[in-house]
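Participant: what follows is a protein structure lacking sequence information:
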């Protein structure tokens, strides 16, 4: 009997890191390009497009061991930024799930200041 091999498409292979990130949350150190941080203004909706071609880089705060992911994004006129996001923030999982389903453009509403800062994903 002929053995049937499962073949992944390039798109499936490119997106497989997203599933792995959802399950394991990665362990790589930040070695990426130094870009300006995405600034989200309180009370305003910010629209950006996530660059999902490679796994997000990781940064661990040496003071409190907080793990953040450095998400490359494009805003407005294709200017590139990075969105520093704590992996424990619920919006991190929402962005990953959106990416897994093929969505790359997100709208986020920021409310609050400092430790009271909250991000809400705005659906169209």
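Facilitator: Done, it's in. The structure displayed is predicted, hence computed values, not measured ones.
Participant: and the residue nearest in space to the middle of the chain, what does it touch?
Facilitator: The centroid of the chain falls nearest to residue 71 when counting by Cα atoms, centre = their mean (4.5 Å). Applying Cβ atoms under 8 Å, 6 or more residues apart in numbering, we find residue 71 in contact with 50, 56, 82-85, 95. From N, CA and C alone the C-beta is placed, and that goes for glycine too.
Participant: tell me the most packed of these, by neighbour count.
Facilitator: Taking other Cβ atoms under 10 Å as the neighbour criterion, residue 56 ranks highest of those with 28 neighbours.
Participant: tell me where the model's unsure across the protein.
Facilitator: For the chain, residues meeting the criterion pLDDT under 70 lie at 1-15, 23-33, 124.
Participant: the strands in it, which residues?
Facilitator: Assigned by DSSP state E, the chain shows strands spanning 45-50, 57-60, 67-75, 79-86, 105-111, 118-122.
Participant: check the offset of the fourth one from the chain's centre.
Facilitator: Read it as strand 79-86. In terms of Cα atoms, centre = their mean, to the nearest Å, the centre of strand 79-86 is found 8 Å from the chain centre.
Participant: tell me which strands and helices it is in contact with?
Facilitator: Here strand 79-86 touches strand 45-50, strand 67-75, helix 90-100, going by 3 or more Cβ pairs under 8 Å, 6 or more residues apart in numbering; DSSP states H and E.
Participant: can you list those in JSON lines and add distance to residue 61?
Facilitator: Below are the helices and strands packed on strand 79-86 laid out as JSON lines (distance: least, Cβ to Cβ, whole Å):
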{"stretch": "strand 45-50", "distance to residue 61": "22"}
{"stretch": "strand 67-75", "distance to residue 61": "7"}
{"stretch": "helix 90-100", "distance to residue 61": "15"}
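Participant: tell me which of these lies nearest to residue 18.
Facilitator: Proximity to residue 18, assessed across these by Cβ to Cβ, is greatest for helix 90-100 (4.9 Å).
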